[in-house]
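okay, structure incoming, though there's no sequence with it:
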């Protein structure tokens, strides 16, 4: 008899990676991210990852009938929300402040180092690729978003009893092949379908 808890998962831990659009994507669930193309965004808060899908549908009714005879999906938006907690990650700072790495300047070395960046009027889209790994023991889920943009930034708080954090929501955009999100889900087997 199968274990009744089999397939029950928790997002125990995870990692987020950022890359340029077109970065080489791992082809399997266990393949490593190319460190020349993907950059680790560091530790996230204990709130983990929140994935949300917002759909809008149009309803079509026949004359004299209360219930629709058809619905049509008119839009679908998938978002991924994470709160990063490492202030020494240049990629996090770049994403949170919407400033390109090449527009940031570091002065000094080691403990005396500091980086200067300037925010201002910026209407150019900052489109990147996002990779997410979620781990639950031996089970692993990988989510690849080939094109996305940070569309929401939360409040950053400086306070003695609170970690300085960088809450961001990434919105999946349509890629050149028409897809927006790719999933690799460990422990999931599609049953054989017989006609």
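The structure has been received and is ready for your questions. The model shown is predicted, which means the values in this text are computed figures rather than measured ones.

the residue most central in space within the chain in helix, strand or coil?
The geometric centre of the chain, computed from its C-alpha atoms, lies nearest to residue 80 (CA atoms, centre = their mean), at 4.4 Å. For residue 80, the reduced secondary structure class is strand; criterion used: DSSP: H, G, I helix; E, B strand; the rest coil.

quick one, phi psi at residue 103?
Backbone torsions for residue 103, taken as degrees, to the nearest 10, come to phi -100, psi 10.

mind jotting down where the strands sit in this structure?
Under the criterion DSSP state E, the chain carries strands at the ranges 13-19, 38-40, 50-61, 68-84, 105-107, 114-116, 128-136, 139-153, 166-172, 182-185.

would you turn these into TSV with mean pLDDT and distance to residue 30?
In short, each C-beta sits where N, CA and C put it, glycine included. Conversion of the strands of the chain to TSV gives the following (pLDDT from 0 to 100; distance: least, CB to CB, whole Å):
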stretch	mean pLDDT	distance to residue 30
strand 13-19	95	14
strand 38-40	97	15
strand 50-61	95	22
strand 68-84	95	21
strand 105-107	94	35
strand 114-116	93	35
strand 128-136	95	10
strand 139-153	96	7
strand 166-172	98	23
strand 182-185	94	9
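
out of those, which is closest to residue 122?
Proximity of the strands of the chain to residue 122 was assessed by CB to CB; the nearest stretch is strand 139-153, lying at 12.1 Å.
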